[in-house]
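A.B. asks: Here's my sequence, what's the structure:
(one chain, ligands or ions: 1)
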Amino acid sequence: MRLIFLGPPGAGKGTQAARLVEKHGIPQLSTGDMLRAAVAAETPVGLKAKSVMDAGGLVSDDIVIGIVADRIEEPDAQKGFILDGFPRTVAQAEALDAMLSEKNMNLDIVLELDVDQSALVDRIVKRAAEAKANGEPVRKDDDPEVFKQRLEAYNRDTAVVAPYYRGRGQLKSVDGMKSIDEVSAQIDSVLDAVGREV
Ligand code: AMP
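C.D. replies: Modelled structure (predicted):
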């Protein structure tokens with residue numbers, strides 16, 4: 001099973017992807033997590049990406065496509081994966097198509113979490129407060145001002161990715177404003193309807 005989660009930052013992609021990992025035993029490939037790891041390790045990619053990420057912008061397509069191309073070659077990704085945070089531009093979606101067709105693989109479904117953007121800033125403020133209360137590191141880009149930049153980047157560059165997949169009949173939307181459990185239940189029923197064994 002190969003699946004993509006789409007939706008603005010703070011929509012719950014990471015939360016829902018992590019739940020599917022547990023349920024179905026396929027890896028979550030989060031480009032945000034991979035980039036944060038590269039930043040922490042101060043790799044050449046991390047050094048290039050850091051300032052863009054801190055400002056809430058998008059890292060260049062070349063860098064992100066390269067990271068994903070390497071990651072989907074790993075053994076654990078051969079039986080499937082959940083992409084979280086990629087593709088974020090049409091160029092990335094096209095590159096993913098090319099990578100998959102080269103490997104004779106197809107995408108099973110693209111799940112869009114449909115959310116009210118005006119509620120997302122509150123959500124992110126809550127996420128930062130919870131992380132702090134649990135003694136976990138707070139993401140620098142969860143600062144409300146940076147978060148607004150991330151939303152702008154989404155509306156400018158990423159919102160067009162959903163229509164790209166819709167046009168090919170691969171997109172399913174679920175209501176991302178419901179509780180985590182309710183969103184999970186909707187996702188499960190969409191996956192059941194697609195009739196895929198994962
Ligand atoms: P995320 O954890 O998905 O919210 O990503 C955090 C940050 O990493 C984003 O704000 C971008 O700066 C960068 N990033 C993650 N995925 C991508 C991508 N597919 N394309 C460009 N930049 C990305």
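
A.B. asks: Can you name the helix or strand that the residue nearest to Q28 when sequence neighbours are not counted falls in?
C.D. replies: Distances taken as Cβ to Cβ, 6 or more residues apart in numbering place A17 nearest to Q28, at 4.4 Å, with adjacent residues excluded. From N, CA and C alone the C-beta is placed, and that goes for glycine too. Using DSSP states H and E, A17 sits within helix 13-24.

A.B. asks: which ones are touching the residue in the chain positioned nearest to the ligand?
C.D. replies: Distances between the chain and the ligand by Cβ to the nearest ligand atom are smallest at G32, namely 2.0 Å. Contacts for G32 (Cβ atoms under 8 Å, 6 or more residues apart in numbering) come out as G14, D84, G85.

A.B. asks: Near the ligand, list only the ones from the residues you listed.
C.D. replies: With the criterion set as Cβ under 6 Å from any ligand atom, the members of the contacts of G32 near the ligand are G85.

A.B. asks: In TSV, list the contacts of G32 along with distance to P44.
C.D. replies: Below are these laid out as TSV (distance: Cβ to Cβ, whole Å):
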residue	distance to P44
G14	26
D84	24
G85	21
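
A.B. asks: Does the ligand have contacts with the helix or strand bottoming out on mean pLDDT in the chain?
C.D. replies: Taking mean pLDDT, DSSP states H and E as the measure, helix 120-133 is the helix or strand of the chain with the lowest mean score, a mean of 90. No - with Cβ under 6 Å from any ligand atom as the criterion, the ligand is not reached by helix 120-133; the gap is at least 10.0 Å.

A.B. asks: same thing with stretch 96-106?
C.D. replies: No - residues of stretch 96-106 are not located near the ligand by Cβ under 6 Å from any ligand atom, the shortest gap being 10.0 Å.
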